[in-house]
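> No letters, just coordinates:
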């Protein structure tokens, strides 16, 4: 038996493996349609990491895109003002994409509505909390470490019936 005869079974296995891994499943192809996300029962609370997107309904999503500021008082420090954590979320529905702003300081809006006021989002928490590090300020937190907790509800309007 020559060297070529010994390689034929190996080549046949390799060729079969390549054929099986290349074909068939449309989810792996470049022109695949995006997966539809299952609808979530609202109202509900969600934790969203920086740069992450959550789906709160079919084709309704929230993405934590921007940490605008984090001037909150560091842990174990006495501050005269609590500071503020301000974030931007990109919302998207089949009708519209919008950017909403939410704040941790209740002197500023912590609730926003989107999609023609069909959905309401409330910022419940921004983590991690700043930590005092040096006499001149807080230890810097990488933006990728942030996550928010939001409460989302769908607003249902009732139309009056009859006279």
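Done, it's in. The shown structure was predicted, so the numbers you read here are calculated from the model rather than taken from an experiment.
> contacts, neighbours, all on C-alpha from now
Noted.
> can you tell me how far the residue nearest in space to the middle of the chain sits from residue 82?
In the chain, the C-alpha nearest the mean C-alpha coordinate belongs to residue 53, at 2.5 Å (C-alpha atoms, centre = their mean). Per C-alpha to C-alpha, to the nearest Å, residue 53 is found 29 Å from residue 82.
> Beyond the strand ranked longest in the chain, next helix or strand please.
Ranked by number of residues, the top strand in the chain under DSSP state E is strand 60-70. Following strand 60-70 in sequence order, the next helix or strand is strand 85-92 (DSSP states H and E).
> Looks to me like residue 157 is in a helix.
No - assignment of residue 157 by DSSP: H, G, I helix; E, B strand; the rest coil gives coil, placing it outside any helix.
> May I have the predicted confidence score for it?
pLDDT for residue 157: 78.
> what does the one 4 residues further on give?
As predicted, residue 161 sits at a pLDDT of 74.
> Could you do residue 65 as well?
pLDDT recorded at residue 65 is 98.
> need the contact list for it.
Contacts for residue 65 (C-alpha atoms under 8 Å, 6 or more residues apart in numbering) come out as 50-52, 87-90.
> Only the buried members of these: can you turn that into a ChimeraX selection?
Of those, the buried ones go into a single ChimeraX selection, burial set by 16 or more other C-alpha atoms under 10 Å:
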select :50,87,88,89,90
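> Determine which two of the contacts of residue 65 are furthest apart.
Among the contacts of residue 65, the pair separated by the greatest distance (C-alpha to C-alpha) is 52 and 87, at 13.2 Å.
> so what sits against both of those two?
Jointly contacting residue 52 and residue 87 under the rule C-alpha under 8 Å, 6+ apart are 64-65.
> ok, the contacts of residue 65 vs residue 140, which is closest?
Checking those one by one against residue 140 (C-alpha to C-alpha), the nearest turns out to be residue 50, at 15.7 Å.
> give the contact list for that closest one.
When contacts are counted by C-alpha under 8 Å, 6+ apart, residue 50 touches 64-66, 143-148.
> try 7 Å
For residue 50, the contact set (C-alpha atoms under 7 Å, 6 or more residues apart in numbering) comprises 64-65, 144, 146-147.
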